[in-house]
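**Student:** I would like to see how this sequence folds:
(2 chains)
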Number of protein chains: 2
Amino acid sequence: MRDGMNYRILLDSAKSCILASSVPRRQQFLIRCVGGSIDHRHRDMQALRSLEVDSQTVIRAITPALDPTRHKGQAGNIAVIGGCREYTGAPYFAAISALKIGADLSHVFCTKDAAPVIKSYSPELIVHPVLEESYNVGEEHKSSIASKVLAEVDKWLERFDCLVVGPGLGRDPFLLDCVSEIMRHARRSNIPIVIDGDGLFLVTNNLELVSGYALAVLTPNVNEYKRLVQKVLSSEVNDIDAPQQLLSLAKQIGGVTILSKGNSDLISDGDTVKSVSVYGSPRRCGGQGDILSGSVAVFLSWARQHILAADSNSNLSCKNPIVLGCIAGSAILRKAASLAFSNKKRSTVTGDIIECLGRSLEDISPAC
Amino acid sequence: MRDGMNYRILLDSAKSCILASSVPRRQQFLIRCVGGSIDHRHRDMQALRSLEVDSQTVIRAITPALDPTRHKGQAGNIAVIGGCREYTGAPYFAAISALKIGADLSHVFCTKDAAPVIKSYSPELIVHPVLEESYNVGEEHKSSIASKVLAEVDKWLERFDCLVVGPGLGRDPFLLDCVSEIMRHARRSNIPIVIDGDGLFLVTNNLELVSGYALAVLTPNVNEYKRLVQKVLSSEVNDIDAPQQLLSLAKQIGGVTILSKGNSDLISDGDTVKSVSVYGSPRRCGGQGDILSGSVAVFLSWARQHILAADSNSNLSCKNPIVLGCIAGSAILRKAASLAFSNKKRSTVTGDIIECLGRSLEDISPAC
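**Tutor:** Predicted coordinates:
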C-alpha cells in the first residue's frame, strides 16, 4: 500500500484504458452507462493526477531535525479550542495527535464541564476549563464572563504556534461569540488557525473571521464543503471540475487555505491546487478529521520555520507553509489509517490510528 | 472450537448413545435419575439441532464490503439509550461493541450524572447527558423536562440506523416514562430498536410499546424470558418444547423478534425459529448481554441494507433482516467469548471479549 494509488485511481485507470482503445461506440456507451459519466470522471481523475503532490518529499523537508540543544516548545506548542458538555472526544483526538506527531506541548481550552473528562483521557494534555455555555450564564453576566474568558486565553495566546478551532466545540451561541473573539485576537497576533467541525459552522456564517487571513486553514468534509460553496460561491458543488472550484473558493475568501477532505484530499490557497491520494483506509470511523486538524497544526508550524530558515533556498516548488502543512497532515493521516487498518480491520477506531502516527512519520522522516 | 458443537450437545449425544444401546431398564432408570429427564432433553436437543443455523454464511452475506467511496456513517450510526447514576458500564459495553463490530458512529444518551463517567471510559463515543431521574426533578417540572429530553433526542433520531434501549437504564419511573416516549418516536420513524436489560422490564410491563412492531428485538436472559412468558402467555417456561413456545411468544407480541439467551440462543420472529449453539465460553461475567445488544444493532442495520440491495436475490433462506442480525450478533459474541476465554480463562472480563470482536468477525468475513 505504501506507494500505491487508491482503488478509485486504479479503477479509473482501467476504465480510461478501455475507453482509449478502439472499442466500438456501442460498447463505449455501455461502459458509460454502467460506470456513470465515466468520461467526466476520467477527465476529473486525469486532472487530479496532474495535481498529485510528492507528500513524502514535503514531509522530509519540513520536519525539523531533533537536536539536543533545542528547548521545550521549539518543536511546537499547539492549542485546541473545543470541548463542551456534549463533546469531549474530538478535542482530545486533535490535541493528542499534535503530541504524537511531535509537538512539545498541547493545550485544550474547553468548558468547565468538559475539562475533567478530557483531562481523564490523558495526563499528557494541558486542559484549561475556561469556556462557558449559555445554560450556565445569566444574561446579565454575559459581558463580564466573555471578558474573563478572553483574558484567560489571552494570557497564553502569544505562546502558541497554531490554534485548532472547532473539534467538539458545539454550537452554543454564547460560546461561539467568545470563540469568535478569540479568533480575532489570534489573527491580530498572526497565529495560524486550523478550523474544523463546529468551527466551520461558525466561520461559514461569519466569513469575515477568516476572510483575507492567509494563516487560516479550513478543513471541511463533504457536507461542510457543500455548505461553504453554497454560502461563498452561491452555487452547488461541481464534482467535474473540483480543483477549479476549490481554487475559486479559496481565492474568494481572500487566500485562506482549504483542505477539502474526500476520497482524494484537495488543497488550495487560491493560488495553487494540490491533491493527496496515497495510502488511506476504507474505514470511516468518526474522529479522523480531528486527527487531521491536530496534525496539520503541527506540520504547518514546522513548515513556517522551514520556509523562514530556508529563505528562498527551499527546494519545494510550493512556498506557502500553510499548504505544505496541509499536504503533510493529509498524507500522515492516510498512512496511519492504512497501518491501523492493516492490523485492526473493521474494528479500527480513531485511537488505533493515533497510535500509528509516530511510525508513519518515522518511516518517511526518521528522527535520527 | 471454530466448527465444533458445544459441550452440552456432546454430552447429550453421549447420553443418547447410552440410552439407545441395550442397557438394562434399571440402569436406564439410574441414568435418568442422575441426569434428570434425559429422554426429554434428548428430544429437545434433537429439535434444536434441526433449527441450528449456518451463522457464518449469514455473517458473510450481510457484512458490507468496505469501499473507499463510502462516507462516515454509511457503515452504521448506532445509539444506546441507557446509563444512570447507578449504572455506567453496561451502556459503554453496548456502544463500544457497536464500534468494534464496524459501525462508524456510536452514541449514548444517558443521565447527566452518568455522562462524565461514560465519556471517560473512551473518547470514541459521543455521549449526550440528556436523561433525568426523579430525584433531580420536582413534580411541577416533570412535564417541561420530559419535553426537553424528547426534543434533545429528536434532534438526532433520524440519523440513527438502530437504537439499543436498556443497558444500564435503571428503573426510575420518570426516566422510564421519557424512554417510553423516545421509543414511540423511534417507532414512528421506523428505526429498529434492540431492547435489553431494564428496557425489558419496561417493555414487559408496557407491551404496547413494541407490540406489532416488526423492527423490535427483545434479548431476554433466562429470568427476563420467564417474566415475559408469564406476562404474555400466562404460563410457565416450557423447556421441553422451547422453540414452539418462543414462536408463540413472538407471534403473540405481533411479530417482534425475540433472541432468548441461553446455552443455545433461540431466535424467533413468530414465523420461524433459529438456534445458534456454536462457540461460546463457560465464563459468565456480567456485561456479555450488553455486547450482544450493541452487536445485534450493527448487524441488523447491515442486514437491512443487504436485503434492500439484494431485493429478492439474497441466497439466504431467511429474509427477515432483524432475525439475520440476531443470528450474526449471537454467533460473533460466542466466538469472541471463546477466543477471550482461551487466553484469559477464569479471569476473562467483558472488556477482554470486546477486544476479540474484531478478530472474530475478520476470521469469518475478512475486510479485504
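**Student:** which one is the closest residue to chain B within the stretch 1-150 of chain A nearest to, not counting chain neighbours?
**Tutor:** Proximity of the stretch 1-150 of chain A to chain B (C-beta to the nearest C-beta) peaks at residue A:89, 3.5 Å away. Where you see a C-beta, it was placed from the backbone N, CA and C, and this is true even at glycine. The shortest distance from residue A:89 to any non-neighbouring residue, by C-beta to C-beta, 6 or more residues apart in numbering or on different chains, is to residue B:123 (3.5 Å).
**Student:** for residue A:291, same thing?
**Tutor:** Residue A:291's closest residue in space is residue A:97 (C-beta to C-beta, 6+ apart), at 4.5 Å.
**Student:** And residue A:192, by the same measure?
**Tutor:** Nearest one to residue A:192, counting by C-beta to C-beta, 6+ apart, is residue A:215 at 4.1 Å.
**Student:** pretty sure the one you found is touching residue A:195, no?
**Tutor:** No. When contacts are counted by C-beta atoms under 8 Å, residue A:215 is not listed as touching residue A:195 (11.2 Å).
**Student:** out of these two, which sits in the busier spot?
**Tutor:** Per other C-beta atoms under 10 Å in any protein chain shown, whichever of residue A:215 and residue A:195 has more neighbours is residue A:195, with 30 against 21.
**Student:** okay, now the domains of chain A?
**Tutor:** Annotated domains of chain A cover A:7-51, A:56-364 [automatic domain parsing].
**Student:** With adjacent residues omitted, what lies nearest to the residue nearest in space to the middle of chain A?
**Tutor:** Note on chain A: the residue nearest the mean C-alpha position is residue A:293, at 3.9 Å, using C-alpha atoms, centre = their mean. Spatial nearest neighbour of residue A:293, excluding adjacent residues (C-beta to C-beta, 6+ apart): residue A:196 at 4.2 Å.
**Student:** Quick one, grab the pLDDT at that neighbour.
**Tutor:** pLDDT for residue A:196: 98.
**Student:** what sits against it?
**Tutor:** Taking C-beta atoms under 8 Å, 6 or more residues apart in numbering or on different chains, we find residue A:196 in contact with A:94, A:164, A:165, A:166, A:167, A:218, A:219, A:289, A:290, A:292, A:293.
**Student:** Now it. Its backbone dihedrals?
**Tutor:** Here is the backbone geometry of residue A:196 (degrees, to the nearest 10): phi -140, psi 170.
**Student:** again with residue A:95
**Tutor:** According to degrees, to the nearest 10, residue A:95 has phi -70, psi -40.
**Student:** Correct me if wrong: it contacts residue A:106.
**Tutor:** Yes. Contact criterion C-beta under 8 Å: residue A:95 and residue A:106 qualify, at 4.5 Å.
**Student:** shared neighbours of these two, anything?
**Tutor:** With C-beta under 8 Å, 6+ apart as the test, residue A:95 and residue A:106 both reach A:78, A:80, A:125, A:294.
**Student:** Please indicate which of these are buried?
**Tutor:** A:78, A:80, A:125, A:294 (16 or more other C-beta atoms under 10 Å in any protein chain shown).
**Student:** Going along the chain, name the strands of chain A.
**Tutor:** A:77-81, A:105-111, A:126-131, A:162-165, A:193-195, A:216-218, A:257-260, A:265-268, A:273-276 (DSSP state E).
**Student:** CA atoms only: put the first one into PDB for me.
**Tutor:** Just to be clear, that refers to strand A:77-81. What follows is strand A:77-81, C-alpha atoms only, in PDB (Å, rounded to 0.1, in the frame of the first residue of the first chain):
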ATOM      1  CA  ASN A  77       3.100  24.400  21.100                       C
ATOM      2  CA  ILE A  78      -0.400  23.800  19.900                       C
ATOM      3  CA  ALA A  79      -3.800  24.800  21.400                       C
ATOM      4  CA  VAL A  80      -7.200  23.200  20.600                       C
ATOM      5  CA  ILE A  81     -10.300  25.400  21.200                       C
END
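**Student:** Neighbouring strands - and their directions - for that strand?
**Tutor:** Here strand A:77-81 has these sheet partners by DSSP bridges: strand A:105-111 (parallel), strand A:162-165 (parallel).
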